[in-house]
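Undergrad: what follows is a predicted structure for the sequence shown.
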Amino acid sequence: MTRMVISFIMLVMISCRSKGDLNPQGRQTVYPDYISVTGNSGQPVSLNWIIGKSKACGWECWGDTTTYNYYQPDYYDIYLSTENGSSFTKTYTVKGDLNGSDLALPDNRTYYIRVKAIYTKLQLEISSNIIILSGDSVRQSEIFPFVGQIYTIEKDGDQYMATHNEPLFNKVHSKVVLTGSSKSGKWANWIQDVKTGEQRFIWKTTIPAFGKISPDGKKVLLKVSEINAGRADSHNLHLFDTQTNQFTALTNWKKTISNVVWSPTSDFCSTVFYESPAGEITLATINIVTSKITILRQENLGSFNSLSLLDWLESDSKIYFSEIRNFPEANAKMTLFTIGKEGDKLTKITDFENTTYWYEYSHTYNPTAEKLVFTSRRSGKTGMWVKDIKHNREYQIVNSLTDSYTLLGWKSDNELVYQIISSDGKTNYYSLNVP
């Protein structure tokens, strides 16, 4: 019988109190150290629960047995749900350390699991995060059409070559903007329709420029590096209109642009740029029709680690972005906001731990903005989590992510695509149903 084994090592986050004691009062949530899953689809599932000895008192102090006294949980209650985590039933109790206790589950089902650590003397219960487990087989990589395809174009006797490296999510067109180089050391940008093979040359450049085509397929934003004192140390944005063949300079500044994102209706773009050594970082929108630049958020870099533009929500009314305050690393917080395109309606969504312990930094909304997928080490290994905005809950959907990964986009409201680059350099793409 093939078995799926899920190993838990619970890392209890506890806080300091006087006279060298540590207790769980400061942290009301306990998280597993790691979860590893092996097994095959359609086979009975068995859980192997292992609780480790390591304990911590939050980010401000790390205790040890020679310095502090510890309170061990008296027992653990294990709760299961098969109804999207909406209703849990206590099905298992383990006293003392959990080590090698098995719980047989019916095959090929999805379960939502929560653990409660019970401290009888303290009259305290600490609940774990919700963990989703299923009897599905190891997820297989997916082949996306045109990804990895090499394209060439000829212009004025030079042949330029580029590789398309990202899955397509646009439902209106199949066009991408490519940046290619020639054997003579020149660079060019062109529009490539990866389905039909149609090409549209944009321009030749002496240094690489990077473009993004609008959702309607009619306009291209080009981020162009500016040479100062022999160095490419700033950028400007140019707009290319495919219907009129006209170029428009949207910016004329000496600033470094970190990201540019089109609005869903192709009338606006948003960008994050910063000035050095002035030390200001800015989130702004640009009206594509009027070239008007609206500052949404501007801060001195001395008070931030970063300000990152993430994406527009489905309408043109809101943008979501993140800020990391420049606290000491042990207390770093990433805060996620939405803001109106005119700088109004600033709304805080949530805080994330951005320390080296939890490392919560990669986020993406689904198209209806009801679910936010993010990555976190709160379970000891990097996993993928969902923050359900509508129902105000969080749960884990991928137990362990290895190597280098990127959340890429959504094929539908409930289907997420992500990329993993393995240690040998191989790139794989995966589709994931987000419950």
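TA: Looks like it came in fine. Numbering: from 1, shown residues only.
Undergrad: any residues touching stretch 208-218, and which ones?
TA: Identification of contacts with stretch 208-218 by CB atoms under 8 Å, 6 or more residues apart in numbering yields 170, 172-173, 175-177, 179, 181, 187, 189, 191, 202-203, 219-225, 240-243, 260-266. C-beta here means a position set from N, CA and C on the backbone, and glycine is covered the same way.
Undergrad: out of these, which are buried?
TA: Applying a neighbour-count criterion of 16 or more other CB atoms under 10 Å, the buried members of those are 173, 175-177, 179, 187, 189, 191, 202-203, 219-225, 240, 242, 260-264, 266.
Undergrad: which ones among those residues map onto strands?
TA: Using DSSP state E to define strands, the subset of these located there is 175-177, 179, 187, 189, 191, 202-203, 219-225, 240, 260-262.
Undergrad: what strand or helix carries Thr335?
TA: When secondary structure is defined using DSSP states H and E, the element that contains Thr335 is strand 333-340.
Undergrad: what about dumping the CA coordinates of stretch 197-212 to PDB?
TA: What follows is the C-alpha trace of stretch 197-212 in PDB, where atoms were taken according to Å, rounded to 0.1, in the frame of the first residue of the first chain:
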ATOM      1  CA  GLY A 197       3.400  34.500 -36.700                       C
ATOM      2  CA  GLU A 198       2.600  38.100 -37.700                       C
ATOM      3  CA  GLN A 199       5.400  40.600 -36.900                       C
ATOM      4  CA  ARG A 200       5.600  44.400 -36.500                       C
ATOM      5  CA  PHE A 201       9.000  46.000 -36.300                       C
ATOM      6  CA  ILE A 202       9.100  48.900 -33.700                       C
ATOM      7  CA  TRP A 203      12.700  50.300 -33.700                       C
ATOM      8  CA  LYS A 204      16.400  49.600 -33.500                       C
ATOM      9  CA  THR A 205      18.400  50.700 -30.400                       C
ATOM     10  CA  THR A 206      22.000  50.800 -29.300                       C
ATOM     11  CA  ILE A 207      21.200  49.400 -25.800                       C
ATOM     12  CA  PRO A 208      18.300  47.000 -24.800                       C
ATOM     13  CA  ALA A 209      14.900  48.500 -24.400                       C
ATOM     14  CA  PHE A 210      12.000  46.500 -22.900                       C
ATOM     15  CA  GLY A 211       8.400  46.700 -23.900                       C
ATOM     16  CA  LYS A 212       4.900  45.700 -22.800                       C
END
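Undergrad: residues of it that come out buried?
TA: By 16+ other CB under 10 Å, the buried positions in stretch 197-212 come out as 200, 202-204, 209-212.
Undergrad: quick one: mean pLDDT over that stretch.
TA: Averaged across stretch 197-212, the pLDDT comes to 94.
Undergrad: walk me through the domains of this protein.
TA: As given by automatic domain parsing, the domain ranges for the chain are 5-134, 150-409.
Undergrad: looking at the ones you listed, which has the lowest confidence?
TA: Taking each of the domains of the chain in turn, the lowest mean pLDDT turns up on domain 5-134, with a mean of 55.
Undergrad: now Ile339. Nearest residue, chain neighbours left out?
TA: Leu346 (4.9 Å; CB to CB, 6 or more residues apart in numbering).
Undergrad: wait, what's in contact with that neighbour?
TA: Applying CB under 8 Å, 6+ apart, we find Leu346 in contact with 337-340.
Undergrad: need these in CSV (columns: neighbour count and distance to Glu360).
TA: As requested, the contacts of Leu346 are arranged in CSV below (neighbours: other CB atoms under 10 Å; distance: CB to CB, whole Å):
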residue, neighbour count, distance to Glu360
Phe337, 20, 15
Thr338, 19, 18
Ile339, 20, 21
Gly340, 16, 25
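Undergrad: tell me which two of these sit farthest apart.
TA: Checking the contacts of Leu346 against each other with CB to CB, the farthest-apart pair comes out as Phe337 and Gly340, at 10.9 Å.
Undergrad: thinking again about what came up before, just the residues contacting the strand holding Thr335, thanks.
TA: For strand 333-340, the surrounding residues in contact (CB under 8 Å, 6+ apart) are 283, 296-297, 310, 313, 317-325, 327, 345-354, 360-361, 363, 372.
Undergrad: give the pairing partners of it; include direction for each.
TA: Strand 333-340 has these partner strands in its sheet, going by DSSP bridges: strand 318-325 (antiparallel), strand 347-353 (antiparallel).
Undergrad: for these, which one sits closest to Tyr111?
TA: With distances scored as CB to CB, the stretch of the strands paired with strand 333-340 nearest to Tyr111 is strand 347-353 (25.7 Å).
Undergrad: any idea which helix or strand comes after the closest one?
TA: strand 363-365.
Undergrad: downstream of that following strand, the next helix or strand is which one?
TA: The element immediately downstream of strand 363-365 (helix or strand, assigned by DSSP H and E) is strand 371-376.
Undergrad: residues contacting the residue nearest to Thr375 when sequence neighbours are not counted?
TA: Distance criterion CB to CB, 6+ apart; nearest residue to Thr375, sequence neighbours excluded, is Ser362 at 4.4 Å. Taking CB under 8 Å, 6+ apart as the contact definition, Ser362 lies against 374-375, 405-407.
Undergrad: at 10 Å instead, please
TA: With contacts defined as CB atoms under 10 Å, 6 or more residues apart in numbering, the neighbours of Ser362 are 310, 352, 373-376, 382, 384, 401, 405-407, 418.
Undergrad: do the same with Phe201
TA: With contacts defined as CB under 10 Å, 6+ apart, Phe201 is in contact with 153-156, 160, 188-191.
Undergrad: out of those residues, which are buried?
TA: Among the contacts of Phe201, the ones that count as buried by 16+ other CB under 10 Å are 153, 160, 188-191.
Undergrad: looking at the residues you listed, spot the one nearest Asp233.
TA: When the buried ones among the contacts of Phe201 are compared for distance to Asp233 (CB to CB), Asn189 comes out closest, at 20.8 Å.
Undergrad: residues contacting the residue nearest to that closest one when sequence neighbours are not counted?
TA: Closest residue to Asn189 in three dimensions, ignoring its sequence neighbours and counting by CB to CB, 6+ apart: Ile202, at 4.3 Å. Counting by CB under 10 Å, 6+ apart, Ile202 makes contact with 177-179, 188-191, 209, 211, 220, 222, 238, 240, 242, 245, 247.
Undergrad: do that again at 7 Å, thanks
TA: By CB atoms under 7 Å, 6 or more residues apart in numbering, the contact list for Ile202 reads 189-191, 220, 240.
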